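> Sequence below, structure please.
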Amino acid sequence: MPLFSPLLFPLMAVLIWATNTVVSKAAATLVDPAAISFYRWLIAALVLTPFCLPQLWRRRHEIRPWLGKLLVLASLGMVLYQCLAYYAAHSTSATNMGVIGSLIPLLTLLLATLLFRQRPGRQAFIGMSLSLVGVLWLLGQGDPLSLLRQGINPGDAMMLLGSASYALYGLLIRRWQLPFGPWLNLYLQVLLAVVLLVPVAASADSLAVSVQAWPLVLFAGIASSLLAAYCWLQGVTKLGAERTSVFMNLMPLCTALIAVITLGEPIHGYHLLGGGLILAGVMLSQFKPRTRPALAERA
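Residues are numbered from 1 along each chain as shown. Okay, here's the model as predicted:
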């Protein structure tokens, strides 16, 4: 294996995103969720502007017909998903956030079935069912029937809604195939997200960021928004989309380990069983067995 394996790119991206989930939890007591949502994408926009603004200006006439779709994507993937995650951090654990976030591939499959009539195969259906059992076990803290009596923790519900939003974002960005290349696509969505988040920021109790909170905000704006995106794109380029996507299954494990080490969050049995069922369901739905050669070819 070479000194710097291509496998390190998606692994690094997953580690950054898992760390950002823990950062979201750590920031919950230090900065208003509306404020960090706004500052995160403002910082990303400022970093990208020197590199992407000249290209945006050259292609401004091509971009105009796509503004509606770009606005939808920015709303789903950057405003709704990220805002809900920051608000969810006030009432649920980073471990729960990581495990629920691992449902995104399954939610993508479910939304494709509901919205675009893409029928899942039997294996995918079994995987979805298995993950659903895991979700109920996790949200009910080992007692799924308690959900009928007490309801879902507000933070878990927000994270679930945010994950569904990001799943729809992933579906639409693949279907629409925006023709501007990955970095300009990202830059355009970041700019629109900043505009959309202005009224959200205006609703914040305080836009002040303490000295202790600035490293968390900078990590979210640079490492999570840009460095992780670069590593993921490199992984897709060098390994292919399918091999790279498998690394997302490491998210709940990485998030839980980082949360235990940095925040001292306890790991309970329902985390292990619920998270294991979710992960098994996701892997089962994504697994594609090799096609057997035709009988005629064997003969």
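
> Wait, residue 274 touches residue 130, no?
No - between residue 274 and residue 130 no contact is recorded; they are 11.1 Å apart, counting by C-beta atoms under 8 Å. C-beta coordinates here come from the backbone N, C-alpha and C atoms, glycine included.

> Among the two, which residue is more densely surrounded?
residue 274 (27 against 21; other C-beta atoms under 10 Å).

> what helix or strand is that one on?
Remark: residue 274 resides in helix 269-286, with elements defined by DSSP states H and E.

> Can you show me the CA trace of that helix as PDB?
Backbone C-alpha positions of helix 269-286 (Å, rounded to 0.1, in the frame of the first residue of the first chain) are rendered in PDB as follows:
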ATOM      1  CA  GLY A 269     -26.800  -0.900  25.700                       C
ATOM      2  CA  TYR A 270     -29.700   0.700  23.600                       C
ATOM      3  CA  HIS A 271     -27.000   2.700  21.700                       C
ATOM      4  CA  LEU A 272     -25.200  -0.400  20.800                       C
ATOM      5  CA  LEU A 273     -28.200  -2.500  19.800                       C
ATOM      6  CA  GLY A 274     -30.100   0.300  18.100                       C
ATOM      7  CA  GLY A 275     -27.100   1.700  16.300                       C
ATOM      8  CA  GLY A 276     -26.000  -1.800  15.300                       C
ATOM      9  CA  LEU A 277     -29.500  -2.600  13.800                       C
ATOM     10  CA  ILE A 278     -29.400   0.700  11.900                       C
ATOM     11  CA  LEU A 279     -25.900   0.100  10.600                       C
ATOM     12  CA  ALA A 280     -26.700  -3.500   9.600                       C
ATOM     13  CA  GLY A 281     -29.800  -2.300   7.800                       C
ATOM     14  CA  VAL A 282     -27.900   0.400   5.900                       C
ATOM     15  CA  MET A 283     -25.200  -2.000   4.900                       C
ATOM     16  CA  LEU A 284     -27.700  -4.600   3.800                       C
ATOM     17  CA  SER A 285     -29.600  -2.100   1.600                       C
ATOM     18  CA  GLN A 286     -26.400  -0.900   0.000                       C
END
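
> Output the contacting helices and strands for it.
The criterion is 3 or more C-beta pairs under 8 Å, 6 or more residues apart in numbering; DSSP states H and E, and the helices and strands that helix 269-286 contacts are helix 94-101, helix 104-116, helix 122-139, helix 251-263.

> Next, count neighbours for the nearest residue to residue 100 once chain neighbours are set aside.
Nearest residue to residue 100, sequence neighbours excluded (C-beta to C-beta, 6 or more residues apart in numbering): residue 159, at 4.5 Å. A count of neighbours around residue 159, defined by other C-beta under 10 Å, yields 28.

> which SS class is residue 159?
Recorded secondary structure, residue 159: helix (DSSP: H, G, I helix; E, B strand; the rest coil).

> correct me, but it touches residue 92?
Yes - assessed by C-beta under 8 Å, residue 159 is found in contact with residue 92 at 6.5 Å.

> any idea of the angle the helix or strand harbouring residue 163 forms with helix 94-101?
Secondary structure assigned from DSSP H and E places residue 163 in helix 154-176. If you take axes from the mean of the first three to the mean of the last three C-alpha atoms, to 10 degrees, helix 154-176 sits at 30 degrees to helix 94-101.
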